[in-house]
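**Student:** no sequence on this one, just coordinates:
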């Protein structure tokens, strides 16, 4: 009943920029927070950036100063703008959200299917 769909991944050269998007849909009453995780081959999934409903942001140390998370509440969309990309940023990027559905009392956590970001020359 709630879906998260990522888009915008692709191949980019080192030093380049890319923006990925995540659209939430379904019977959503309120989105508490939206987050971006990433998982590189052979590695565990790690939190990259998060933004709360009131706009508080936090970032992994590895991306501070290079990545920027934002959201459009009307569109139920979160964005991750990635600048000065490095080969180490290569991973599948997953959207994650804490959502309260209409008619429910508990906040549930949802995942998107992921979008591949490859940084290579």
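**Tutor:** Thanks, I have the structure now. Worth saying up front: this structure is predicted, and the values here are computed from it rather than measured.

**Student:** Where does the residue nearest the centre of the chain sit, in terms of helix or strand?
**Tutor:** Nearest to the mean C-alpha position of the chain, by CA atoms, centre = their mean, lies residue 36 at 2.8 Å. When elements are assigned from DSSP states H and E, residue 36 belongs to strand 28-39.

**Student:** can you confirm residue 88 is in a helix?
**Tutor:** Yes: secondary structure of residue 88 (DSSP: H, G, I helix; E, B strand; the rest coil): part of a helix.

**Student:** show me the contacts for it.
**Tutor:** 40, 62, 119 (CB atoms under 8 Å, 6 or more residues apart in numbering). (Glycine included, C-beta is placed from N, CA and C.)

**Student:** sorry, back to before: would you agree the residue nearest to the centre of the chain is in contact with residue 78?
**Tutor:** Yes: contact criterion CB atoms under 8 Å: residue 36 and residue 78 qualify, at 7.4 Å.

**Student:** Please identify every residue contacting each of these two.
**Tutor:** Both residue 36 and residue 78 are in contact with 22, 69, 95, where contact means CB under 8 Å, 6+ apart.
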